[in-house]
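Student: below: sequence and its predicted model.
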Amino acid sequence: MDSDDGATGVELVPTGIAGLDAMLYGGIPKDNQTIIAGGPGAGKTLLAFEFLYRGAKAGQTGIFFALEEDPKKIVQNAKNAFLNFDDVDEFIDRGRIIVSGRDVTVDMDRMEKGSSLEFGHMVGEIEDAITSYKATRVVIDSSSAIELIIKNSAEYRRSMWALVANLRRLGVTSILTSELATSDKRRLEFRPEHFIFDGMIVMYQSGEEKRRVQSMEIIKMRGYKHSFVTAPYDITPGGFKVFSPESMTT
Ligand SMILES: Nc1ncnc2c1ncn2[C@@H]1O[C@H](COP(=O)(O)OP(=O)(O)OP(=O)(O)O)[C@@H](O)[C@H]1O
Ligand SMILES: [Mg+2]
């Protein structure tokens with residue numbers, strides 16, 4: 001169930017991720033489009049998958065569009081990481097979680113014919129699937145794959161803007177993953193497309209002498225308050241655990 005902030009009337013979609021909802025003071029505002037950015041192996045795909053899994057648990061239908069990896073691999077990796085999620089297959093069988101894919105290398109081959117046309121086809125497929133499955137949670141993994149189809153930066157930005165506008169019009173709460181060139185918070189550089197999204201969460205990895213520390217930060221979340229703390233996280237068999245001060249006090 002979505003929750004409602006009685007004071008402001010903002011309808012919130014809880015991510016269901018332990019600690020992250022406390023940082024979001026309840027969840028992501030409904031219909032917000034959020035980008036999750038991070039370096040390689042930060043856990044972007046797994047976090048996005050858990051968002052859909054927690055939605056399915058709450059009776060909501062979610063679609064995962066895998067543009068980088070085979071959909072079967074996405075599900076297998078999620079099941080391997082989240083050993084306690086023993087009902088993933090059941091949700092997939094019941095159509096609560098749909099993991100759909102598109103091989104962008106095919107689009108790359110056709111690029112010469114007009115990248116915006118290919119991108120248009122992809123957006124059309126995404127829209128059709130959202131409408132026919134009546135999905136309310138959507139994941140697109142990743143935007144970096146879209147960038148491979150659309151190399152011109154102005155065209156890429158325009159296309160991302162159109163994608164976000166379409167998702168908003170369809171009334172879904174979505175997560176789009178995005179690769180960052182650095183995992184280091186001090187070297188974080190914003191890109192033009194980061195400004196298009198309603199929300200942005202960054203996953204960092206910092207190299208300590210003996211152990212890598214992973215943390216996440218909510219850069220922005222339009223329409224609602226959020227934590228400004230950078231909180232450590234762990235990927236556990238029971239899902240992500242985000243250790244935010246907010247989650248310690250609630
Ligand atoms: N069973 C597990 N237990 C704990 N952590 C795991 C487990 N399986 C994978 N991981 C962690 O999750 C990471 C992979 O997560 P994920 O695929 O979501 O990353 P990503 O940010 O999407 O990476 P990429 O940019 O390569 O797509 C691994 O690098 C590892 O650190
Ligand atoms: Mg990934």
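Tutor: Nice, I can see it. Numbering: from 1, shown residues only. Ligands and ions are numbered 1, 2, ... in the order given.

Student: contacts only, for the spatially most central residue of the chain.
Tutor: By Cα atoms, centre = their mean, the mean C-alpha position of the chain lies nearest to Ile175, the distance being 2.8 Å. Taking Cβ atoms under 8 Å, 6 or more residues apart in numbering as the criterion, Ile175 is in contact with 34-36, 47-48, 51, 137-140. (C-beta placed from N, C-alpha, C; glycine too.)

Student: what do you get for Gly238?
Tutor: With contacts defined as Cβ under 8 Å, 6+ apart, Gly238 is in contact with 18, 82, 84.

Student: got a list of contacts for the longest helix seen in the chain?
Tutor: Across the chain, the helix with the greatest residue count (assigned by DSSP state H) is helix 115-133. The contact list for helix 115-133 (Cβ under 8 Å, 6+ apart) reads 61, 63, 65, 95, 98, 100, 102, 107, 110-111, 135, 138, 140, 146, 149-152, 155, 159, 162-163, 166-167, 170, 172.

Student: mind checking which of those residues are in helices?
Tutor: Within the contacts of helix 115-133, membership in helices is found for 107, 110, 146, 149, 155, 159, 162-163, 166-167, as judged by DSSP H.

Student: list of residues touching stretch 207-217?
Tutor: In this structure, residues lying in contact with stretch 207-217 by Cβ under 8 Å, 6+ apart are 20, 42-43, 185, 201-206, 228-234, 242.

Student: do you know how far Thr236 is from Gly43?
Tutor: 11 Å (Cβ to Cβ, to the nearest Å).

Student: more neighbours, the two?
Tutor: Just comparing Thr236 and Gly43: by other Cβ atoms under 10 Å the higher neighbour count belongs to Gly43, 21 against 13.

Student: tell me, how many residues neighbour the residue nearest to the more buried one when sequence neighbours are not counted?
Tutor: Using Cβ to Cβ, 6 or more residues apart in numbering and skipping the chain neighbours, the partner closest in space to Gly43 is Ile235 (5.4 Å). A total of 16 residues lie near Ile235 under the criterion other Cβ under 10 Å.

Student: give me the pLDDT for Ile235.
Tutor: On pLDDT, Ile235 comes in at 97.

Student: and it, that's in a helix?
Tutor: No. The assignment for Ile235 (DSSP: H, G, I helix; E, B strand; the rest coil) gives strand, which keeps it out of a helix.

Student: wait, what's in contact with it?
Tutor: For Ile235, the set of contacting residues under the criterion of Cβ under 8 Å, 6+ apart consists of 43, 46, 81.

Student: same question, Ile219
Tutor: Under the criterion of Cβ under 8 Å, 6+ apart, the contact partners of Ile219 comprise 194, 200-202.

Student: most neighbours of all those, which one?
Tutor: Comparing these on neighbour count, Ile201 comes out first with 25 neighbours (neighbours: other Cβ under 10 Å).

Student: that one contacts Ile218, doesn't it?
Tutor: Yes. Ile201 lies in contact with Ile218 (Cβ atoms under 8 Å); the separation is 5.4 Å.

Student: for the protein, which residues are neighbours of ligand 1?
Tutor: If contacts are counted using Cβ under 6 Å from any ligand atom, the residues of the chain sitting beside ligand 1 are 38, 40-46, 80-81, 179, 235.

Student: let's see 8 Å
Tutor: Counting by Cβ under 8 Å from any ligand atom, the residues of the chain close to ligand 1 are 38-49, 68-69, 77, 80-83, 141-142, 177, 179, 203, 214, 234-237.

Student: which among the residues you listed end up buried?
Tutor: With burial judged by 16 or more other Cβ atoms under 10 Å, the buried subset of the residues of the chain next to ligand 1 is 38-39, 42-49, 68, 81-82, 141-142, 177, 179, 203, 214, 235.

Student: select from those every entry located in strands.
Tutor: With DSSP state E as the criterion, strands contain 38, 141, 177, 179, 203, 214, 235 from among those.
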